[in-house]
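Chemist: Sharing a model that was predicted from the sequence below.
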Amino acid sequence: MRVKGGPHTRRRHKKVLKMTKGHHGVRHSRFRAANESLMHALKHAYVGRKLKKRDFRKLWIVRINAALRKLGLTYSVFMGWLKKQNIQVNRKVLADMAFSDFEAFKNFVEQVKGKAAQS
């Protein structure tokens, strides 16, 4: 006996077409084009989630470096001091401090600088 997958196929097609809402041209209305478009979109979304972490780290480093240069320091020297003194503050927190509360960041840098001068 031949089995036809009518309801299952229709359900699968509807799911794909629902997910491709907003795609241009026939990529949101014809199943074959929509399915291909969806596969590419999902692949790019997966890669993008990984790249986002890289992009944010870059942004944090740029912000920290800009704030440190206002204080006459460089990013590499400051991070070297933190490593030597075994101070573990992540870049996200440092960048947020430099961006939103510059005075607190300045005090933190002065403390690290003072400890670096002692050792």
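Modeler: Received the coordinates, thanks.
Chemist: Taking the centroid of this structure, which residue is nearest it?
Modeler: Taking C-alpha atoms, centre = their mean, the centroid of the chain lies closest to K52, which sits 2.4 Å from it.
Chemist: Which helix or strand contains that residue?
Modeler: For K52, the host element (DSSP states H and E) is helix 31-70.
Chemist: So for the next helix or strand after that helix, what gets flagged as buried?
Modeler: As assigned by DSSP H and E, the chain's next helix or strand after helix 31-70 is helix 75-84. Within helix 75-84, the residues scored as buried using 16 or more other C-beta atoms under 10 Å are 75, 78-79, 81-82. Placement of C-beta: from N, CA and C, glycine included.
Chemist: Quick one: list the elements packing against helix 75-84.
Modeler: Using 3 or more C-beta pairs under 8 Å, 6 or more residues apart in numbering; DSSP states H and E, the elements in contact with helix 75-84 are helix 31-70, helix 102-118.
Chemist: now these as a markdown table including distance to K4 and mean pLDDT?
Modeler: Formatted as a markdown table, these follow (distance: least, C-beta to C-beta, whole Å; pLDDT from 0 to 100):
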| stretch | distance to K4 | mean pLDDT |
| --- | --- | --- |
| helix 31-70 | 16 | 97 |
| helix 102-118 | 67 | 90 |
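Chemist: wait, which of these is closest to D96?
Modeler: With C-beta to C-beta as the measure, helix 31-70 is the member of the helices and strands packed on helix 75-84 nearest D96 (8.3 Å).
Chemist: how big is the angle separating the closest one from helix 75-84?
Modeler: Between the axes of helix 31-70 and helix 75-84, defined by axes from the mean of the first three to the mean of the last three C-alpha atoms, to 10 degrees, the angle is 80 degrees.
Chemist: Buried residues of helix 31-70, list them for me.
Modeler: Of all the residues in helix 31-70, those buried under the rule 16+ other C-beta under 10 Å are 31, 34-35, 37-38, 60, 63-65, 67-68.
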